[in-house]
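S.K.: sequence first, predicted model second:
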Amino acid sequence: MNAYPVFTDQQLAVLRTYGSPREVAVGDVVYSPADEHNPLVVVLTGEIEVRDEARGHDVEFARFGPGTFVGELNLLTGQRPYVTARVTVAGRVVPIGAERLRTLLERETELADLLVNAMIARRKLRLADSAESGTIEIVGRPVSEGTLALRTFLNRNSVPYRFIDFEAAGESPTAESDDLPVAVTPDRLLRRATPGMLAEALGLTLAPGDDRPYDVAVVGAGPAGLAAAVYGASEGLRVVVFDATAPGGQAGTSSRIENYLGFPGGISGAELTTRATFQAQRFGARLVSPCRVAALERTAGGFLVALTDGVRTFARTVVVAAGAEYRRLPLAGWDRLQGAGIYFAATELEAQLCADAEAIVLGGGNSAGQAAVYLARRCRRVTIVIRRESLAESMSQYLIDRIEGHDRIEVAGHTVINAVRGDDHLEAVELRDTRTNASRDVDARALFCFIGARPATAWLPAQVQRDQDGFVCTDVDVEAERRRLPYETSLDGVFAAGDIRQGSMKRVAAAVGEGSSVIRSVHQFLEPR
């Protein structure tokens, strides 16, 4: 993808129709981090430079001359600008605001492809360079639940940042030990930062008083939720997506998905869901995270969706795609070590934290197998712990073959975890053989837990029928007076898709299929009766 395309005269003529050309003088600030939003700026004549000038920085990112455009992926995500765009050569430009840009992307297919591909390519360049010159900084201890939560949030939202190890950096001008983790953005410093605080600072939250009516609110941004967002928004529905953590869901934590149609070489869960996120945003879906839905309140013509932070928004229909919550072991110290050696994802971030050490993978499904193979590239040794005798009952054969042929992966069958040990971070895991009752300690820096999940349905109103395990009943499984539409729950206008739904296949491809299919039922429900 070309990050810096030059428009033809014909393309420039089309772009002019979406904005009002104006003259700019040397020194004019086109936009800066002080702005809530920024336009896409087409340069007709003159030159504009983009620099990081926040907090004493002075780093030039790019210069844009005649026939180019100034702007980045935040034009789609809604993120506040984190750089300053300033005129260096006087000329004439065409600013295109967010609403007009959305119309352009809908109507001008060729230009839309060019613009969106360039925006994504620019963001990837910034991500690749962020370790050295990230405008956003995270200061903290590497093995820390709070620090990991911030870094995971930024990674999953494809936001460039620079991580500063508090211990290795020595005295820090921006942070004290009691302040950690600290997030530094272009216009503020957040002490004891949380993903929610950071999202608000970056402009990625739903603002209080946002009373725009949505056609559909999607709860959960995993494969099912993202598919619903893509298909809904592309078909003209106003869509908002809420996720408690960040886009991707459990699929976003997978190190590699090798059986997804169309990717013969495999694809990481993060890459797959990041592409889906960009796709949904291109069509105009609004993605909001981290936020939890506290309740649904039935009202005239739809639902009030209440978030735990007090924000409420209206939607005519709701698609429940919240997936499931990770299961944990009821062991002493587990909660304290979560994020500090105990993890529920095996991405590059977690792999870095246990490089050259020993790791434990708990679970015998495909997610556990993919994690073990991925971690074995970095770790000295990986032990897969399962209650069964072998992996054959729960894992795909291609993964079993790969694990059996790897000299750094051991499978501990008939084994359970008795204890986890460590103060500030995980130091050891006690394993017990269920046949002999013999126990042994493994000096492990990381424990990756893949033992399934329970449906995240506690927030749903009582009118939504669930089975004995908490999964949501839909269509033919619903006891109701009228025949339900496919994927419709027992509450009129509320649908369910993906892992949260009773009878779902618990596979990425199946979740994508359900998320796209549920939109047909949403359309049918919204049709005049």
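M.R.: Arrived safely, thanks for sending.
S.K.: where does residue 93 fall, phi/psi-wise?
M.R.: Dihedral pair for residue 93: phi -130, psi 160, per degrees, to the nearest 10.
S.K.: my read: it touches residue 22, true?
M.R.: Yes - the criterion here is C-beta atoms under 8 Å, and residue 93 meets it with residue 22 at 6.5 Å. In short, each C-beta sits where N, CA and C put it, glycine included.
S.K.: need the residues touching each of these two.
M.R.: Common contact partners of residue 93 and residue 22 (C-beta atoms under 8 Å, 6 or more residues apart in numbering): none.
S.K.: how far away is residue 454 from residue 66?
M.R.: For residue 454, the distance to residue 66 (C-beta to C-beta, to the nearest Å) stands at 58 Å.
S.K.: okay, those two: which has more neighbours?
M.R.: residue 66 (16 against 13; other C-beta atoms under 10 Å).
S.K.: coming back round to it: give me the more crowded residue out of residue 93 and residue 22.
M.R.: A count of neighbours by other C-beta under 10 Å puts residue 93 above the other of residue 93 and residue 22, at 24 against 11.
S.K.: so where is this structure shaky, pLDDT-wise?
M.R.: Residue ranges of the chain with pLDDT under 70: 56, 133, 170-175, 207-211, 529.
S.K.: which stretches of it form helices?
M.R.: All helices of the chain, identified by DSSP state H, fall at 9-16, 74-77, 98-107, 109-133, 145-156, 166-169, 195-202, 223-234, 269-282, 334-337, 348-353, 366-375, 397-404, 508-526.
S.K.: return the distance of stretch 80-90 from the chain's centre.
M.R.: Here stretch 80-90 is found 28 Å from its chain centre; the criterion is C-alpha atoms, centre = their mean, to the nearest Å.
S.K.: kindly report the same for stretch 246-255.
M.R.: The answer for stretch 246-255 is 7 Å, by C-alpha atoms, centre = their mean.
S.K.: likewise for stretch 400-417?
M.R.: Centroid displacement of stretch 400-417 relative to its chain, using C-alpha atoms, centre = their mean, is 30 Å.
S.K.: which residues does that stretch contact?
M.R.: Identification of contacts with stretch 400-417 by C-beta under 8 Å, 6+ apart yields 329, 331, 360, 362, 369, 372-373, 376, 379-392, 429-435, 447.
S.K.: ok, which stretches of the stretch 201-350 of the chain are strands?
M.R.: With DSSP state E, counting those that start in this stretch as the criterion, the stretch 201-350 of the chain has strands at 214-219, 239-242, 286-288, 293-299, 302-307, 312-320, 324-326, 342-343.
S.K.: show me what contacts residue 120?
M.R.: By C-beta under 8 Å, 6+ apart, the residues touching residue 120 are 1, 73, 278.
S.K.: hang on, the earlier thing: now distance to residue 103 too, for the strands of the stretch 201-350 of the chain, in JSON lines please.
M.R.: Below are the strands of the stretch 201-350 of the chain laid out as JSON lines (distance: least, C-beta to C-beta, whole Å):
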{"stretch": "strand 214-219", "distance to residue 103": "18"}
{"stretch": "strand 239-242", "distance to residue 103": "17"}
{"stretch": "strand 286-288", "distance to residue 103": "16"}
{"stretch": "strand 293-299", "distance to residue 103": "30"}
{"stretch": "strand 302-307", "distance to residue 103": "25"}
{"stretch": "strand 312-320", "distance to residue 103": "22"}
{"stretch": "strand 324-326", "distance to residue 103": "38"}
{"stretch": "strand 342-343", "distance to residue 103": "43"}
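S.K.: now do stretch 195-210: distance to the chain's middle.
M.R.: Worked out by C-alpha atoms, centre = their mean, stretch 195-210 lies 15 Å from the chain centre.
S.K.: CA atoms of it as CSV?
M.R.: The C-alpha trace of stretch 195-210 is given here as CSV (Å, rounded to 0.1, in the frame of the first residue of the first chain):
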residue,chain,number,x,y,z
PRO,A,195,-7.3,2.0,29.8
GLY,A,196,-10.6,4.0,30.4
MET,A,197,-8.7,7.1,31.4
LEU,A,198,-6.4,6.7,28.3
ALA,A,199,-9.3,6.1,26.0
GLU,A,200,-10.9,9.3,27.1
ALA,A,201,-7.7,11.3,26.7
LEU,A,202,-7.3,9.9,23.1
GLY,A,203,-11.0,10.6,22.2
LEU,A,204,-11.9,7.0,21.8
THR,A,205,-14.9,7.0,24.2
LEU,A,206,-18.5,7.8,23.7
ALA,A,207,-19.0,11.3,24.9
PRO,A,208,-21.8,12.0,27.6
GLY,A,209,-24.9,13.4,25.9
ASP,A,210,-24.3,11.5,22.7
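S.K.: buried stuff in stretch 1-8?
M.R.: Neighbour-count burial for stretch 1-8, with 16 or more other C-beta atoms under 10 Å as criterion, is recorded at 3, 5, 7.
S.K.: output the helices of the chain as CSV; include the columns distance to residue 249.
M.R.: CSV is the format used below for these (distance: least, C-beta to C-beta, whole Å):
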stretch, distance to residue 249
helix 9-16, 36
helix 74-77, 18
helix 98-107, 26
helix 109-133, 21
helix 145-156, 10
helix 166-169, 30
helix 195-202, 15
helix 223-234, 6
helix 269-282, 7
helix 334-337, 22
helix 348-353, 17
helix 366-375, 12
helix 397-404, 21
helix 508-526, 8
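S.K.: among those helices, which is the most enclosed?
M.R.: Greatest average neighbour count among those goes to helix 223-234 (a mean of 29), per mean count of other C-beta atoms under 10 Å.
S.K.: contacts for that one?
M.R.: 215-216, 218-219, 221, 239, 241, 243, 247, 249, 251, 272-273, 276-277, 279-280, 283-285, 287, 319, 321-323, 497-499, 508, 511-516, 518-519, 522.
S.K.: picking up where we left off before, residue 50: which of the buried residues of stretch 1-8 is nearest?
M.R.: residue 3 (12.3 Å; C-beta to C-beta).
S.K.: residue 431 contacts residue 385, doesn't it?
M.R.: Yes - at 6.4 Å, residue 431 and residue 385 qualify as touching, with contact defined as C-beta under 8 Å.
S.K.: neighbour count winner among the two?
M.R.: With neighbours defined as other C-beta under 10 Å, residue 431 and residue 385 compare such that residue 385 has more, 25 against 19.
S.K.: how about that one, what does it touch?
M.R.: Contacts were defined as C-beta under 8 Å, 6+ apart; by that measure residue 385 touches 360-363, 412, 415-417, 431.
S.K.: quick one, which of these are buried?
M.R.: The buried subset of these (16+ other C-beta under 10 Å) comprises 360-363, 412, 415-417, 431.
S.K.: among these, which are located in strands?
M.R.: 360-362, 412, 415-417, 431 (DSSP state E).
S.K.: phi and psi next, for the residue nearest to residue 95 when sequence neighbours are not counted.
M.R.: In space, and not counting its chain neighbours, residue 95 is closest to residue 39: 4.1 Å by C-beta to C-beta, 6 or more residues apart in numbering. Phi and psi for residue 39, reported as degrees, to the nearest 10, are phi -90, psi 160.
S.K.: same question, residue 291
M.R.: Backbone torsions of residue 291, given as degrees, to the nearest 10, read phi -160, psi 150.
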